[in-house]
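Below is the sequence, then the predicted model.
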Amino acid sequence: MKKLEYEDLSEKVYKNLKDMILKSELAPGEKLVQEELSVRLGVSRTPLLSAFAKLEKELLVELVPRRGAFVRQCSNSELRQCYDIRMRLETLGAREAADAVRRDASAIAPLLSALETHAVSVNSGDKEAVKVADYDFHITLARLGGNDFLYRMLSAFNIVLISNLRGLLKPAEKSLAEHRVLVQAISSGDADRSEALMLAHLLESRSALDGAGTEGREAR
């Protein structure tokens, strides 16, 4: 029983830290100070270290010998690789989502809800809420098509989260407008158009990285 309770606690710490990274409460390159996080989360170091190890495997945390744990800070080249993967996987997700809605129109409901949450966040002007809502929209869309392998690849390996660690690469209003058009295509069951719109949506963000500044990580 004690082992089970420990595993549950470790999982909760992992989920809390992952959520803090998504919301930029822990920023790229920031050192994860064990003492501070132990107090903040109300846990001992043991489940914290276990969570660090899991997050390292998921490429969200970097463990540096004799320096400690840091939120992973990706180079522009690594972010481009994330977008290259997203352009291949999420276009398939958009196609499969449209196919699913064509078979059952009610399947669109979760995506409409995610779109509405995204709109509310954009209207609020809260940049972190926008980032979370954008993430939820893309993950909800990936799940809609019923391809569990695709959904797990995008969510478990944090591909969407990692690509937006520095923030979104286009204005929030523009991204929301593109999401609306994409949802319309999926709602109509138009798989070809849904796929094309998702590709264009992601390609523009990836292209923004080409003009971005530094390629490397800051020295620690």
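Happy to help now that I have it.

Excluding covalently adjacent residues, which one is nearest to Ser113?
Thr140 (7.9 Å; C-beta to C-beta, 6 or more residues apart in numbering). The way it works is simple: take the backbone N, C-alpha and C, and place the C-beta from them, glycine included.

The residue nearest the centre of the chain is in what secondary structure piece?
For the chain, the residue nearest the mean C-alpha position is Leu161 (2.4 Å; C-alpha atoms, centre = their mean). Assigned by DSSP states H and E, Leu161 belongs to helix 159-163.

now that helix, how far from the chain's geometric center?
Centroid displacement of helix 159-163 relative to its chain, using C-alpha atoms, centre = their mean, to the nearest Å, is 4 Å.

now for that helix, which elements pack on it?
Applying 3 or more C-beta pairs under 8 Å, 6 or more residues apart in numbering; DSSP states H and E, we find helix 159-163 packed against helix 2-22, helix 76-103, helix 127-144.

After it, heading C-terminal, what element do we hit next?
Of the helices and strands lying after helix 159-163 in sequence (DSSP H and E), the nearest is helix 172-187.

Would you mind giving the domain segments of this structure?
Domain ranges of the chain: 2-71, 76-210, per automatic domain parsing.

What is the end-to-end distance of the last one?
Looking back up the chat, that one is domain 76-210. 8 Å (C-alpha to C-alpha, to the nearest Å).

I'd like the distance from that domain to the chain centre, please.
A distance of 10 Å separates the centroid of the chain from that of domain 76-210, by C-alpha atoms, centre = their mean.

any idea of the mean pLDDT in that domain?
Domain 76-210 shows a mean pLDDT of 94.

do the shortest one as well
The average pLDDT for domain 2-71 rounds to 87.

contacting residues around the strand or helix carrying Ser113?
Counting by DSSP H and E, the element that carries Ser113 is helix 109-124. Contact partners of helix 109-124, identified using C-beta atoms under 8 Å, 6 or more residues apart in numbering, comprise 97, 129-130, 132-134, 136-137, 140-141, 143-144, 172-173, 176, 179-180, 183, 186.
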